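[1] return a 3D structure for these sequence lines:
(one chain, ligands or ions: 1)
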Amino acid sequence: MKHLIPLALLVLCCAAPASAALAAERQPKYPLKTARTLHRDDAIARARENLAKYPSAKRVADNIIKRADAWVDWTDEDLRFLLTSSDVPRAFAVNANGCPQCGGKIIEKSGSDYGWIIDPKRPFKIKCPVDGSVYPTNDYEAYYRSGFKT
Ligand SMILES: [Zn+2]
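    Purely as a prediction, here's the structure:
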């Protein structure tokens, strides 16, 4: 969840110019979004008033912006690469038994089987927070970039 807010801000900030360029190049199946739809103008104005009025709101906003700043240096190509094609299989969990190296220690440490460290700069890899082992051990990124040919 903590990564969704900066990503949502990034999408909101960058979506309009990209959408306009794409609209000229493709025939969308459904009408493209042409305006903001999540927040009304009055809600945004109220949020801005709260930022000016309440230091705690300003701290929350500053923290969100600080986390979103980490995405600013990414290239458009690298950001798009994070959204893999539907050819990549999905799963709801990594391994119900924990880490292949340390077993259930990751579950004990994190309180769930979602304690894996995910670094968007290392796509298709996860790291155990207990022993630092990285999975998968193959180079799935190279396989994906090759179009599943190598
Ligand atoms: Zn481990």
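[2] for the residue of the chain most remote from its centre, which residues are in contact?
    Distance from the C-alpha centroid of the chain peaks at Lys53, with 30.9 Å (Cα atoms, centre = their mean). By Cβ atoms under 8 Å, 6 or more residues apart in numbering, the contact set of Lys53 is empty. Quick note: C-beta positions are derived from backbone N, CA and C, even for glycine.
[3] number of nearby residues for Asn138?
    Using other Cβ atoms under 10 Å, Asn138 has 9 other residues around it.
[4] swap that for Cys128, sorry
    21.
[5] count of neighbours near Pro123?
    Pro123 has 15 nearby residues by other Cβ under 10 Å.
[6] who in this protein is up against the ion?
    Applying Cβ under 5 Å from the ion, we find that the chain lies next to the ion at Cys99, Gln101, Cys102, Cys128, Val130, Asp131.
[7] surely the third one touches Val130?
    It stands for Cys102. Yes: counting by Cβ atoms under 8 Å, Cys102 touches Val130, with 4.8 Å between them.
[8] got the confidence number for the residue farthest from the centre of the chain?
    Looking at Lys53, its pLDDT is 97.
[9] could you measure it against the ion, distance?
    Distance, Lys53 to the ion, by Cβ to the ion, to the nearest Å: 47 Å.
[10] no further queries at this time; thank you.
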